[in-house]
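Undergrad: fold the following, please.
(chains A and B)
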Amino acid sequence: MKRFFIQVTICSLLLLSPLALVRAVGIGIKPKEINLKAVVNKVTETEMLIVNVSAEAAMYKVTADAFEDIIIISPADFQLSPSSSQIIKIMVRPEKRGLFATNISAIARPMGAGGLSAASGVKVPITISVSGWRFWQLALAVLVICLIVNFVLKLIKDRIIIKIKKD
Amino acid sequence: MKKRIKNLLAVVMAVMILFQPSFVSADVSAAVTYILAQSQDAWTTMALAAADQTGIPTSHLTSVSGSLATDYAKAILALAAVGQNPTTFGNIDYVTQLKSYYNNNQMGDETLLNDDVWSILALAAVGEISSSQAISAKNFLLANQNSDGGWSYAVNGVSDTNDTASAIIALVEAGISASNAVITSAISYLQSAQNADGGFGWMAGFDSDSGSDAWVITALNKINQDASSWDQSGNNPVSHLESLQDSDGGFWWVQPGTSDFNNKSMTSFAVIALSGASYPIDYYQISNSQDEDPQPDTYHLRLEGQNNTICDVYISADTALNIVENGSSVCGYTYTIQDTAFGPYLSAINSEQAQGMSGWMYFVNNISQPVGAQDYILNEGDEVLWYYGEWGWQPTALSFSSDELASGQNLTITVKYFDGQSWLPLEDATVNGASQNYSTDSTGQVVVSLPDGYYTFYAEKQNFIRSNSESVQFGDGVSRSVGLVVEIDQAGTIAGESIIFEVSPSQLDFGKIKPGQVSSQVVFLSNSGTVDLALAAVVSGDSVFSDNISIDGQTWADYADSLAVNQNKQVDVSLLIPAGYIGSGIKTGEMIFWASPQ
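TA: Sure thing, here's the model as predicted:
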């Protein structure tokens, strides 16, 4: 209970002070959207810049809204002092062809834990266009290779027969 | 029987004494494993150094991505911690760059204090604590101590534990005695902010977290106080910090289960604190000479790739080939040396593979040597230059009329090439710098005039080797260090428009309200980016918030709005406690305002 009153008193003082009125959390992100072209089972990488645009230190968390199994973000958690920045690596390793669309969500949270905090979040749309061989394409490729090998072998065989006949 | 018990006790005590250090360091050891598995930055480097690790990765320190004084200060501290020279390790001289943030008798932004703290520590790390920059920063900090003994990150801000702890470390480093009233009053502030669980929060009254624990312990390490003696009902900062360590070695921000947003990003700070270290972790003494003064037995290595300078460092080595191998761990490149009938042959650096007439050639002191690189034994003062190109290309050099100019003064840049005997003017060379290209005249010169700032230039010309990079300061050199837009542009590598979204205030207090009552707060939202934003909100945490918060008269789930470029908006956030609500006490939660590009 004592702690409750201390906390309420401190929060009230903070809110009454001129600085408390300007305490803020902000986030700057570049680019505003991400369009990636990827290939099945290959890693494609891009970067995102996150800047603490407010005048107070804050904690940042960056996550993918979906496809967490193919989108890797590093670092995903970090602290930024006022006006400082962090470059995030976004790596994608898709396992199937298709078009994947989701958001990269970045949240700036104030450093203090407890009470009701107001956080600033930005969602950056990400679209991943994944290309690769379809099954019938693979099968066709194998068939073509087999035909070529067969043709070459036959050619060699014919030449050997001709040579033997000449001899 | 008694004798046996005595012997047994003696053995147990001996074992305890013998293994005490490993018991103490066991937590740090696990944390080191955790850190090594993470993306490396200046803090991880310092943490690994504080934990006495060897072979610490440093390639991430060859460049600084930010453009603030603190960005360079952190890099300097990290490099000094691992015994590397911050003036030569990176792509530019970090110490000179840091000093360029000297602005109106303080360092960096005049409204901030944290850049003064870290500038003091970084300059101390390289033996420059007596420089005018460090002394001014110290005086600025002293002038901005709050009446409660603490410091904020900003001028006139409310004291917080983290910045107070770091200010103590900086001021003690700058020569203020631990018994001085400045420090003792700061310590009193920290004591007043300690929680009953022994730990510290960001500010007095906030829940304890590992970051705040670590900063306070590190400050106490600086003044040789045992943090575990700061007892609160049997708890202390060290025990609280240790209680946050997870089984993988990382340190949770707050106790698991108390926050949906818990993470382990404070682990490096925790390792430094629990290692008994403080800042600077270590020192690197730089010569006062104007010229670069390498350590004995080190040689200059520069690797010029097809499109960029891959490495530019002083490093120890035996031969002109061996220096490439040694530079790899410092500059973070890969290389391939093949055994051929003519001896070892450097066939690739990174993906730049020798092919056709192009390959990796070397010069020592700008002269092509008649022996294989393996056979060239380095002598004192040797400068080794490897370049990817064709045989016969000649080295070039760029120099300035002055490396420090007054505002508005003209800078003459001279580019020359070495023909094997003498340096001659290089006409039509492209000089790159200040985001522009210039062309040299018949005398190899170009005259430029630039706004106040700090700029780096290098020269290129087809069939010549790229020149050295040099930095120059115009005026007080600080004009490029302000503002988000400048920072993003300086990053240079990420294209596209930017989203800049801010929410104020960051903490909402609805006061003490009874069931049936409503309390409102105003929240300001601002869009200072380059795209219009669509807004939504999510409230989580205690159900008193998630069930009863409304924004602008709608439930938070229905809230949707837009925010045009350069628009500010205020929204009313109301909390209605239902008349039949049963419960009391402080509730915690979070309201996220989400912004998406329209």
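Undergrad: C-alpha from now on. contacts and neighbour counts both.
TA: Will do.
Undergrad: can I see the domain layout of chain A?
TA: Residue ranges for the domains of chain A, per automatic domain parsing: A:24-132, A:134-167.
Undergrad: what's the closest of those to B:Thr340?
TA: domain A:24-132 (34.0 Å; CA to CA).
Undergrad: how long is the closest one end to end?
TA: 46 Å (CA to CA, to the nearest Å).
Undergrad: from the chain's centroid, how far away is it?
TA: 6 Å (CA atoms, centre = their mean, to the nearest Å).
Undergrad: same question for stretch B:184-192.
TA: Distance, centroid of stretch B:184-192 to centroid of chain: 28 Å (CA atoms, centre = their mean).
Undergrad: quick check, central residue of the chain?
TA: By default, I'm working from chain A. A:Ile90 (3.4 Å; CA atoms, centre = their mean).
Undergrad: sorry, should have said chain B
TA: Note: chain B centre (CA atoms, centre = their mean) maps to B:Lys74, 4.0 Å.
Undergrad: that one - nearest residue in space that isn't next to it in sequence?
TA: Excluding the flanking residues, the one nearest B:Lys74 by CA to CA, 6 or more residues apart in numbering or on different chains is B:Ala42, at 5.9 Å.
Undergrad: wait, that neighbour touches B:Ala73, no?
TA: No - counting by CA atoms under 8 Å, B:Ala42 does not reach B:Ala73; the two are 9.6 Å apart.
Undergrad: which one of the two has more residues nearby?
TA: The neighbour count for B:Ala42 versus B:Ala73, taken as other CA atoms under 10 Å in any protein chain shown, is higher for B:Ala73 (28 against 22).
Undergrad: any chance of CSV for the domains of chain A, columns distance to B:Pro597 and mean pLDDT?
TA: Output for these, formatted as CSV (distance: least, CA to CA, whole Å; pLDDT from 0 to 100):
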stretch, distance to B:Pro597, mean pLDDT
domain A:24-132, 7, 87
domain A:134-167, 34, 84
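Undergrad: now, of those domains, which is deepest in the fold?
TA: Comparing these by mean neighbour count (mean count of other CA atoms under 10 Å in any protein chain shown), domain A:24-132 ranks first with a mean of 20.
Undergrad: about what we covered before: show me the beta-bridge partners of the residue nearest to the centre of chain A.
TA: A:Thr46, A:Ile73 (DSSP bridges).
Undergrad: list the contacts for it?
TA: A:Glu45, A:Thr46, A:Glu47, A:Met48, A:Ile71, A:Ile72, A:Ile73, A:Ser74 (CA atoms under 8 Å, 6 or more residues apart in numbering or on different chains).
Undergrad: what sits closest to the fourth one if chain neighbours are left out?
TA: For A:Met48, the nearest residue in space outside its immediate sequence neighbours is A:Ile88; the separation is 5.1 Å by CA to CA, 6+ apart.
Undergrad: Three-state assignment for the one you found, please.
TA: For A:Ile88, the assignment made with DSSP: H, G, I helix; E, B strand; the rest coil gives strand.
Undergrad: show me what contacts it?
TA: A:Ile88 touches A:Glu47, A:Met48, A:Leu49, A:Ile50, A:Ile73, A:Ser74, A:Pro75, A:Ala76, counting by CA under 8 Å, 6+ apart.
Undergrad: so the last one sits against A:Lys61, correct?
TA: Just to be clear, that refers to A:Ala76. Yes - shown here, A:Ala76 and A:Lys61 form a contact pair, counting by CA under 8 Å, at 5.5 Å.
Undergrad: and the helices in chain A?
TA: A:2-16, A:18-22, A:135-166 (DSSP state H).
Undergrad: ditto for the stretch 101-250 of chain B
TA: Applying DSSP state H, counting those that start in this stretch to the stretch 101-250 of chain B gives helices spanning B:114-125, B:132-143, B:161-173, B:181-193, B:210-222, B:237-243.
Undergrad: any chance of the ones you listed in TSV, with distance to chain A, mean pLDDT and mean neighbour count too?
TA: Output for the helices of the stretch 101-250 of chain B, formatted as TSV (distance: least, CA to the nearest CA, whole Å; pLDDT from 0 to 100; neighbours: other CA atoms under 10 Å in any protein chain shown):
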stretch	distance to chain A	mean pLDDT	mean neighbour count
helix B:114-125	8	94	28
helix B:132-143	17	87	20
helix B:161-173	10	94	26
helix B:181-193	11	94	18
helix B:210-222	9	95	27
helix B:237-243	15	95	21
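Undergrad: for B:Thr555, find the nearest of those.
TA: Evaluated with CA to CA, the helices of the stretch 101-250 of chain B place helix B:210-222 nearest to B:Thr555, the distance being 35.0 Å.
Undergrad: and the angle for that closest one with helix B:181-193?
TA: 140 degrees (axes from the mean of the first three to the mean of the last three CA atoms, to 10 degrees).
Undergrad: just the pLDDT for the residue of the stretch 251-400 of chain B found nearest chain A.
TA: Nearest residue of the stretch 251-400 of chain B to chain A: B:Ser265, at 5.4 Å (CA to the nearest CA). Looking at B:Ser265, its pLDDT reads 88.
Undergrad: thought it was touching B:Trp253?
TA: Yes - using CA under 8 Å, B:Ser265 is in contact with B:Trp253, at 7.2 Å.
Undergrad: restricting the selection to alpha carbons, write stretch B:263-274 to CSV.
TA: Extracted in CSV, the C-alpha atoms of stretch B:263-274 (Å, rounded to 0.1, in the frame of the first residue of the first chain):
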residue,chain,number,x,y,z
ASN,B,263,13.7,-9.5,-23.3
LYS,B,264,17.4,-10.1,-22.7
SER,B,265,18.9,-7.0,-24.3
MET,B,266,20.5,-5.9,-21.0
THR,B,267,22.8,-9.0,-20.8
SER,B,268,26.0,-7.1,-21.8
PHE,B,269,25.4,-4.5,-19.1
ALA,B,270,24.8,-7.2,-16.6
VAL,B,271,28.1,-9.0,-17.5
ILE,B,272,30.1,-5.8,-17.1
ALA,B,273,28.5,-5.2,-13.7
LEU,B,274,29.0,-8.7,-12.4
